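Chemist: predicted structure and sequence below. I'll ask about it afterward.
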Amino acid sequence: MREILILSGKGGTGKTTLTAAFAHLASNHVICDLDVDAPDLHLILQPDTHSVEPFESGHEAIIRPEDCERCGTCLDACRYDAIQGEDPPVVNPLKCEGCKLCVALCPADAITWSPNHCGDWYQSDSRFGPMVHAQLFPAEENSGLLVALLRKQARALAEAKGLDLILSDGPPGIGCPVIAALSGTDMAVIVTEPTVSGRHDLERVLELCHHFKIRTGVIINKCDLNLDQANAIKAYCQAHQLPLIGELPHDRVFTEAMIQGQTVTEFQPEGAGAAVEAIWNNLLKLGAEPAPAEELAAIG
């Protein structure tokens, strides 16, 4: 079973648009949206959800007013100023760091220490196959744990259905969610743009991929916005033995397809859709071929 992860150094580079198109072109696969903080792959794939499970991480302190003696012990002890009010005091969940000190010090044992329900994860059926995805509630953390859970569930689903590919839309950036999405995957595809910041983001994500010794390819989206920067990125890829899987020009058809709730390969099978299909074929070819010695040396 293979895992292909689509990444970008920031949001808005076209990562989800390409993942959705790849999901349309792929076969025998599970689709996984690992951007749990701001998921949007479901907006294009419009999955039919058949299973919803809570995601719990950390704990939440809740003062029971009927048991509270209003002694102020928790109020004085909390260094995060998460205890507010006096009659009765309440815990501000946005300030609480989950240290449990108030629970330990409360003489009336009036503080409940409950698991924190911070989001939900789903198993769904999309028009391109089974899908695993999730949504954290606003201001919640620990998205790396949720990403790891989704990957585990996607693999279990693929094994149960006899599928041999997991296609994942990764989170942007290089933080904990990306690390959780990247470690142990078979191949990463970095979507970048021909800008100074785009090249910088590419270098940051590539450094992370190399740390985990993940084979990596690059797609330059909106390649005609700045030809000098596009050429600089191509030169960088060549210098670092980094496979350039393809380039896509800036084209309004991608936006028009999204407005219609379709992938670009559905909306325009010729033109832009054909260009994306060529990139997908390049990606499959790259994944099927053993990495040359110079590429392995670059990966480390």
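Modeler: Good, I have the coordinates.

Chemist: Phe55 and Gln262, how far apart?
Modeler: For Phe55, the distance to Gln262 equals 30 Å [C-beta to C-beta, to the nearest Å]. C-betas here are computed from N, CA, C, even on glycine.

Chemist: quick check: His210 is in a helix.
Modeler: Yes: per DSSP: H, G, I helix; E, B strand; the rest coil, His210 lies within a helix segment.

Chemist: counting neighbours, what do you get for it?
Modeler: Neighbour count for His210, taken as other C-beta atoms under 10 Å: 15.

Chemist: what's the first helix or strand after the helix or strand in which Ala20 is found?
Modeler: Element membership of Ala20, judged by DSSP states H and E, is helix 15-25. Downstream of helix 15-25, the first helix or strand assigned by DSSP H and E is strand 29-33.

Chemist: buried set for the following helix or strand past that next one?
Modeler: As assigned by DSSP H and E, the chain's next helix or strand after strand 29-33 is helix 41-45. Buried residues in helix 41-45, counted by 16 or more other C-beta atoms under 10 Å: 41-42, 44-45.

Chemist: before we move on, what about stretch 83-101?
Modeler: 83, 89, 91, 96, 98, 101.

Chemist: now the end-to-end length of that stretch.
Modeler: End-to-end distance of stretch 83-101 (C-alpha to C-alpha, to the nearest Å): 11 Å.

Chemist: what sits up against that stretch?
Modeler: Here stretch 83-101 makes contact (C-beta atoms under 8 Å, 6 or more residues apart in numbering) with 58-63, 65, 68, 70, 72, 74-75, 77-78, 80-82, 102, 111, 113, 116, 139.

Chemist: strands along the stretch 151-300 of the chain, start to end?
Modeler: Along the stretch 151-300 of the chain, counting by DSSP state E, counting those that start in this stretch, strands occupy 165-169, 187-192, 215-221, 244-248.

Chemist: of all these, which one is nearest Ser8?
Modeler: Taking C-beta to C-beta, strand 187-192 is the member of those nearest to Ser8, at 4.6 Å.

Chemist: and that closest one, which strands flank it?
Modeler: Using DSSP bridges, strand 187-192 pairs in its sheet with strand 2-7 (parallel), strand 215-221 (parallel).

Chemist: before we move on, back to that, between the buried residues of stretch 83-101, which is nearest Asn282?
Modeler: Gly98 (46.2 Å).

Chemist: does the closest one count as helix, strand or coil?
Modeler: Gly98 ends up coil, using three-state DSSP.

Chemist: any idea what the nearest residue to Ala61 once chain neighbours are set aside is bridged to?
Modeler: Distances taken as C-beta to C-beta, 6 or more residues apart in numbering put Val91 closest to Ala61, at 4.8 Å, once the chain neighbours are dropped. On the basis of DSSP bridges, Val91 is bridged to Ile83.
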